[in-house]
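Student: heads up, no residue letters with this:
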C-alpha cells in the first residue's frame, strides 16, 4: 500500500495496492519510507505551534532548532535512499518539500520568533509578522503540493 501525504496536516493515508517489484526494496516500501519521512514533520509543526501559542519563545526557539536538526537528518536519509530503479520523481518531490521546510525553519520561523519575543506591536513589526506568517503558510501548501504531485506521478507509474 502507498502512504500518501494529505494536504492539510500531512497525516498518513493509505493508497493503491501494488505488487512487489524487483529491487532491493519493493515499490510500496520505498514509497512509504519517503512519505513517512516527510510526514514526521507534523510532530515538529505541532511542537512549534504549541510553543508559539503559549508565547513561550524560548521553547519555540528550541523547537525550531530541533526541527532544523531533524530536517538535516531527513534530507540526508532521502538522499541516501536514492531513486527507485532510476526513477527519482518521488525522491525529488520529497526533497523539495523538506528543503521548503528547512527554508521556513531557518528564515521565517526565526523571524517570527524574534518579532513576537520582542513584543513590539508597531506598523513595521506587524507587517513583518504578517509576511512571515504568510510565507510559512504558503510554504506548507507548496510542500504539500509538490509531494502530492510527485506521489501521484509515482503511484500512477507503479500501481497495478
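Tutor: Perfect, I can see it now. Computed from a predicted model, the values in this text were never measured in an experiment.
Student: how far does the helix or strand hosting residue 143 sit from the chain's center?
Tutor: Per DSSP states H and E: residue 143 is located in helix 123-158. On the basis of C-alpha atoms, centre = their mean, to the nearest Å, helix 123-158 sits 9 Å off its chain's mean C-alpha point.
Student: what packs against that helix?
Tutor: With contacts taken as 3 or more C-beta pairs under 8 Å, 6 or more residues apart in numbering; DSSP states H and E, helix 123-158 sits against strand 3-5, helix 27-39, helix 89-103, helix 109-118. Backbone N, C-alpha and C define where each C-beta goes, glycine included.
Student: one more time with 10 Å
Tutor: strand 3-5, helix 27-39, helix 41-53, helix 89-103, helix 109-118 (3 or more C-beta pairs under 10 Å, 6 or more residues apart in numbering; DSSP states H and E).
Student: any weak-confidence spans in the chain?
Tutor: Within the chain, the stretches with pLDDT under 70 are 1-23.
Student: measure residue 57 to residue 124 for me?
Tutor: 19 Å (C-beta to C-beta, to the nearest Å).
Student: repeat that for residue 41.
Tutor: 31 Å.
Student: those two: who's more crowded?
Tutor: Higher neighbour count among residue 41 and residue 124: residue 41, with 21 against 9, using other C-beta atoms under 10 Å.
Student: got the contact list for the more buried one?
Tutor: 10, 48, 67, 70, 71, 74, 97, 98, 101, 105, 140, 143 (C-beta atoms under 10 Å, 6 or more residues apart in numbering).
Student: most neighbours among those, which one is it?
Tutor: In the contacts of residue 41, the most neighbours by other C-beta under 10 Å go to residue 97, 29 neighbours.
Student: looking at this structure, which residue lies furthest from center?
Tutor: Relative to the centre of the chain, and counting by C-alpha atoms, centre = their mean, the farthest-placed residue is residue 122 at 31.9 Å.
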